[in-house]
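**Q** Have a look at this prediction, sequence included:
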Amino acid sequence: MAKPKGEPIAKFLEPYNDAKGHMKEDFEWSEKVEPHVIRRKEILSKHPEIRNLFGPDISILYQVCFVVAMQTTIAYYMGVKDASWWFLLVVSYCIGGFANHHLFLAVHELSHCLAFDSPIKNRLLGFVANFPCVFPFAVSFQKYHLEHHQNQGHDGVDMDIPSYLEAKYVTNMFMKFCWVTCQLFFYALRPLIVNPKPPGMAEFLNLLSCIAYDATLYHFGGHKAIVYMIASTFLGGGMHPIAGHFISEHYTFSEGQETFSYYGPLNWVVYNCGYHNEHHDFPRIPGSRLKQVYKLAPEFYENLAFHTSWSGCIWRYITDPNIGPFNRVRRNKGGAATKKSK
């Protein structure tokens with residue numbers, strides 16, 4: 001893959017706290033159509049061969065089964081061996097955090113039906129990928145995530161954007177640290193508060209399948225097996241290198257751009273989700289083939305700002321006084337860029 005031009009826009013341990021300025025007091029409101037619709041048409045016009053990358057990737061099935069089996073085995077070991085709490089937490093962070101986040105991104109792939117042609121098969125595998133994360137989220141995630149793609153930045157619809165309530169309190173380095181540590185909770189609870197949707201049969205089945213898995217794990221492994229899984233989910237979604245993708249994807253570290261890709265080594269753990277511009281341009285292409293999008297159409301990506309460190313993204317988000325929850329592009333549903341009531 002050709003290297004993108006320029007320097008990455010967030011580096012770990014850079015002295016961003018010396019930067020002058022202050023955090024924004026409102027979102028960047030835009031009247032423009034989100035950039036991916038336009039770029040997708042331009043790329044396909046010039047590189048129609050990219051359509052050959054569309055379609056499912058059966059390797060997702062094998063990866064999910066392996067990681068679920070691995071996590072279940074580790075959790076069982078923690079329980080039956082009565083592992084010390086410090087050992088349990090270290091393994092949760094160093095192994096479980098990566099594993100459960102891998103499964104979270106597997107659910108992301110499956111929400112786009114990228115493992116099978118059949119939506120039902122993708123959903124069932126999503127239930128399996130959801131097991132070690134303890135709490136049911138696969139079905140709800142798909143609903144809100146597809147809206148994020150179809151209505152990127154739209155006020156009240158795109159639940160990937162922080163709420164005004166979050167931004168009101170996350171105003172300094174300490175609060176940003178706390179927010180990043182607990183960002184998985186905000187990510188999960190924000191849609192239920194801002195844009196709740198009535199649950200259906202799919203959510204009920206998702207819940208039942210998680211209860212069955214959790215109960216079985218508790219029966220054979222005891223409480224420490226469950227604690228290991230919860231810790232893996234929580235620690236892997238907060239102050240963890242892999243969780244930097246939550247911040248790197250759409251926070252406007254660079255003006256004039258609202259989606260950013262990460263080109264770094266951790267992509268292999270999470271289905272190349274760092275190729276986020278490429279993913280939004282072509283959500284029907286599985287993560288295993290996103291590198292080829294850049295390779296086939298480098299002229300559309302090499303001049304965009306990019307990241308090479310998810311740890312650097314977290315570091316800059318917390319320490320840079322110019323960066324905060326308002327560093328997101330927002331749109332009104334009707335297209336006008338007027339500010340919404342806080």
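**A** Perfect, thanks for sending it.
**Q** Which parts of the stretch 51-200 of the chain are strands?
**A** Assigned by DSSP state E, counting those that start in this stretch, the stretch 51-200 of the chain shows no strands.
**Q** how about the helices in it?
**A** Taking DSSP state H, counting those that start in this stretch as the test, the helices found in the stretch 51-200 of the chain are 59-80, 85-91, 97-111, 119-130, 138-150, 164-169, 173-181, 183-194.
**Q** Apart from its neighbours in sequence, what residue is nearest C133?
**A** T233 (5.0 Å; C-beta to C-beta, 6 or more residues apart in numbering). Bear in mind the C-beta positions are built from the backbone N, C-alpha and C, glycine included.
**Q** what secondary structure does the one you found sit in?
**A** Secondary structure assignment for T233 (DSSP: H, G, I helix; E, B strand; the rest coil): helix.
**Q** residues touching it, list them.
**A** 96, 100, 132-135, 184 (C-beta atoms under 8 Å, 6 or more residues apart in numbering).
**Q** Quick one, which of those are buried?
**A** Those of these that meet the buried threshold are 96, 100, 132-134, 184, by 16 or more other C-beta atoms under 10 Å.
**Q** What is the nearest of those to E147?
**A** Distance ranking of these against E147, using C-beta to C-beta, places L184 first at 19.3 Å.
**Q** The closest one is in contact with H240, isn't it?
**A** No - with contact defined as C-beta atoms under 8 Å, L184 does not count as touching H240 (9.8 Å).
**Q** Alpha carbons of stretch 80-96, as PDB, please.
**A** Extracted in PDB, the C-alpha atoms of stretch 80-96 (Å, rounded to 0.1, in the frame of the first residue of the first chain):
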ATOM      1  CA  VAL A  80     -12.100 -22.900  38.400                       C
ATOM      2  CA  LYS A  81      -8.500 -21.900  39.400                       C
ATOM      3  CA  ASP A  82      -9.800 -19.100  41.600                       C
ATOM      4  CA  ALA A  83      -7.300 -16.700  40.000                       C
ATOM      5  CA  SER A  84      -6.100 -13.800  42.000                       C
ATOM      6  CA  TRP A  85      -7.900 -10.500  41.300                       C
ATOM      7  CA  TRP A  86      -4.700  -8.800  40.100                       C
ATOM      8  CA  PHE A  87      -4.000 -11.600  37.700                       C
ATOM      9  CA  LEU A  88      -7.600 -11.600  36.500                       C
ATOM     10  CA  LEU A  89      -7.500  -7.800  35.800                       C
ATOM     11  CA  VAL A  90      -4.100  -7.900  34.000                       C
ATOM     12  CA  VAL A  91      -5.200 -10.700  31.700                       C
ATOM     13  CA  SER A  92      -8.500  -8.900  31.200                       C
ATOM     14  CA  TYR A  93      -6.700  -5.800  30.000                       C
ATOM     15  CA  CYS A  94      -3.800  -7.400  28.100                       C
ATOM     16  CA  ILE A  95      -5.700 -10.300  26.400                       C
ATOM     17  CA  GLY A  96      -9.500 -10.000  27.100                       C
END
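**Q** For the residue nearest the centre of the chain, what is the enclosing helix or strand?
**A** Most central in the chain under C-alpha atoms, centre = their mean is F246, positioned 4.8 Å from the mean C-alpha point. Assessed by DSSP states H and E, F246 sits inside helix 245-248.
**Q** Who are the packing partners of that helix?
**A** If you count contacts as 3 or more C-beta pairs under 8 Å, 6 or more residues apart in numbering; DSSP states H and E, helix 245-248 packs onto helix 310-319.
**Q** Now tell me what touches the helix it packs on from outside.
**A** 8-17, 173, 176-177, 180, 239, 241-245, 247-248, 251, 253, 262, 264, 266, 274, 307, 323-324.
**Q** Got a quick PyMOL command for the buried subset of those residues?
**A** Remark: buried members of these, expressed as a PyMOL selection using 16+ other C-beta under 10 Å:
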select buried, resi 8+9+10+11+16+176+177+180+239+241+242+243+244+245+247+248+251+253+262+264+266+274+307+323+324
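**Q** Quick one, grab the pLDDT at K5.
**A** Confidence at K5, expressed as pLDDT, is 69.
**Q** ok so, going back, so of the contacts of helix 310-319, which ones are in strands?
**A** 262, 307 (DSSP state E).
**Q** Format the CA atom coordinates belonging to stretch 235-248 as CSV.
**A** Output in CSV follows, covering the C-alpha atoms of stretch 235-248 (Å, rounded to 0.1, in the frame of the first residue of the first chain):
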residue,chain,number,x,y,z
LEU,A,235,-11.2,-2.2,30.1
GLY,A,236,-11.0,-2.9,26.4
GLY,A,237,-13.5,-0.1,25.7
GLY,A,238,-11.9,2.6,27.7
MET,A,239,-8.3,3.6,28.3
HIS,A,240,-7.0,0.9,26.0
PRO,A,241,-5.1,1.2,22.8
ILE,A,242,-7.7,-0.6,20.8
ALA,A,243,-10.5,1.7,22.0
GLY,A,244,-8.7,4.7,20.3
HIS,A,245,-10.7,4.0,17.2
PHE,A,246,-13.8,5.4,18.8
ILE,A,247,-12.1,8.8,18.9
SER,A,248,-10.0,8.5,15.7
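**Q** pLDDT of it, averaged?
**A** 96.
**Q** what does stretch 155-168 give?
**A** Computed over stretch 155-168, the average pLDDT equals 94.
**Q** got the buried residues for that stretch?
**A** Those buried within stretch 155-168 under the rule 16+ other C-beta under 10 Å are 155, 157-162, 166-167.
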